[in-house]
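Asks: Build me a structure from this.
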Amino acid sequence: MTVQDVRAFNRFYTGLIGALDYGRHLYAPYTLTESRVLYELAQVPHLDAVDLRTQLDLDAGYLSRILNRFEDAGLIERGPSRSDPRRRRVRLTARGREAAGMLDERARDTVGAMLDTVVPADRPRLAEAMRTIQDVLGAERPRSDEAVLREPQPGDLGWIVQRNAALYAAEYGWNADYEGLVARIVADFAEDHDPHLERVWIAEQDRRPVGCVMCVRDDAPATARLRLLLVEPEARGHGVGDRLVGAVIDFAGEVGYRELVLWTNDVLGSARRIYQRHGFVLVAEKPHRSFGKDLVGQDWRLDLHGSGE
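Replies: As a prediction, the model looks like this:
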């Protein structure tokens, strides 16, 4: 991402908001800033002027002029603060609440009309993009390093395919053949799996998926296969991969598998170190040409009823 990317988005978004706010006369007879002041005052019974200025990051003189206009129009009342007599408390009058309600109703109608132009299939993607911008740039809510492991929800299996393809292309230069392989693995699971013996885990952090892994039946008797371990780059270094692999090992042991196997490639060093920490043993290696690259495939095995040595 570059400065130009951000500026291009800003031009697009401010143009969109300008069309919504002024083209449709959403905030008439109030300016956008005046409408923001009314909105904040409508959220609480009363608010100190200094707190209002801090919340909206407004110049003290500019805010004072707005409040003077509102008081002259009978929209607000001002008095000494209950917490500090040196401060001025501001609250909406009945007329002010009516004006704020009118603005809120117009805002809902206008945004609703905009959303009506978005096809239903694109709305979850739009909402996720908005949450992502808030999560990355917002300073109000600290980021949690603790990921939660959960069952897949609608759309998560598609996410597994998309993120595997995108990350391995970006980090290792693998071509679309890998995306096809992942798509087949995921499709096979979605179409026919035993929920008592096969599972998918999604690692979720700050309300979005940051990792995944699968446990499926292998062709060999009493053997499970670990597949598609992935951790997003920003979530690495916090033990997410270890927790995902540990979840597979615990599940496989609990449901009666005797062995856990996996296939990987030697270039995936971080993943191999996770497998080694959990007791997996390298049992075979073989060069191959796949995904547009010359690779060395590796078979790893974990004895669920032994030491793993």
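
Asks: which residue ranges form the helices in the stretch 51-200 of the chain?
Replies: 60-72, 94-116, 123-137, 156-172, 176-191 (DSSP state H, counting those that start in this stretch).

Asks: Now distance to Leu282 and mean pLDDT too, for the ones you listed, in JSON lines please.
Replies: Yep, even glycine has a C-beta here, placed from its N, CA and C like the rest. JSON lines is the format used below for the helices of the stretch 51-200 of the chain (distance: least, C-beta to C-beta, whole Å; pLDDT from 0 to 100):
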{"stretch": "helix 60-72", "distance to Leu282": "67", "mean pLDDT": "90"}
{"stretch": "helix 94-116", "distance to Leu282": "53", "mean pLDDT": "84"}
{"stretch": "helix 123-137", "distance to Leu282": "38", "mean pLDDT": "80"}
{"stretch": "helix 156-172", "distance to Leu282": "20", "mean pLDDT": "94"}
{"stretch": "helix 176-191", "distance to Leu282": "21", "mean pLDDT": "96"}
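
Asks: Can you say which of those is nearest to Gly297?
Replies: For the helices of the stretch 51-200 of the chain, the distance to Gly297 is smallest for helix 176-191, at 12.4 Å, taking C-beta to C-beta.

Asks: residues contacting the nearest residue to Arg95 once chain neighbours are set aside?
Replies: In space, and not counting its chain neighbours, Arg95 is closest to Gly74: 5.0 Å by C-beta to C-beta, 6 or more residues apart in numbering. Shown in contact with Gly74 (C-beta atoms under 8 Å, 6 or more residues apart in numbering): 93, 95-96.

Asks: Which PyMOL command selects the buried ones in those?
Replies: Buried residues among the contacts of Gly74 (16 or more other C-beta atoms under 10 Å), as a PyMOL selection:
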select buried, resi 96
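
Asks: in the chain, which residue is closest to the centre?
Replies: Nearest to the geometric centre of the chain sits Arg208, at 3.2 Å (C-alpha atoms, centre = their mean).

Asks: Surely it and Arg131 touch.
Replies: Yes: counting by C-beta atoms under 8 Å, Arg208 does reach Arg131; the two are 7.2 Å apart.

Asks: circling back: closest to Ala271 out of the helices of the stretch 51-200 of the chain?
Replies: Proximity to Ala271, assessed across the helices of the stretch 51-200 of the chain by C-beta to C-beta, is greatest for helix 156-172 (11.4 Å).

Asks: so where's the chain shaky on pLDDT?
Replies: Within the chain, the segments meeting pLDDT under 70 span 1, 17-28, 82-83, 139-145, 306-309.

Asks: As a quick check, tell me the outermost residue of it.
Replies: Asp72 (45.2 Å).

Asks: Could you measure from that residue over to Leu52?
Replies: Taking C-beta to C-beta, to the nearest Å as the criterion, Asp72 is separated from Leu52 by 18 Å.

Asks: Which one of the contacts of Gly74 is nearest to Asp266?
Replies: Checking those one by one against Asp266 (C-beta to C-beta), the nearest turns out to be Gly96, at 68.3 Å.

Asks: wait, isn't that closest one in contact with Ile76?
Replies: Yes: taking contacts as C-beta under 8 Å, Gly96 lies within contact range of Ile76: 5.4 Å.

Asks: which residues are common contacts for these two?
Replies: With C-beta under 8 Å, 6+ apart as the test, Gly96 and Ile76 both reach 41, 70.

Asks: got JSON lines for the contacts of Gly74, with distance to Ile249 too?
Replies: Formatted as JSON lines, the contacts of Gly74 follow (distance: C-beta to C-beta, whole Å):
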{"residue": "Thr93", "distance to Ile249": "64"}
{"residue": "Arg95", "distance to Ile249": "66"}
{"residue": "Gly96", "distance to Ile249": "61"}
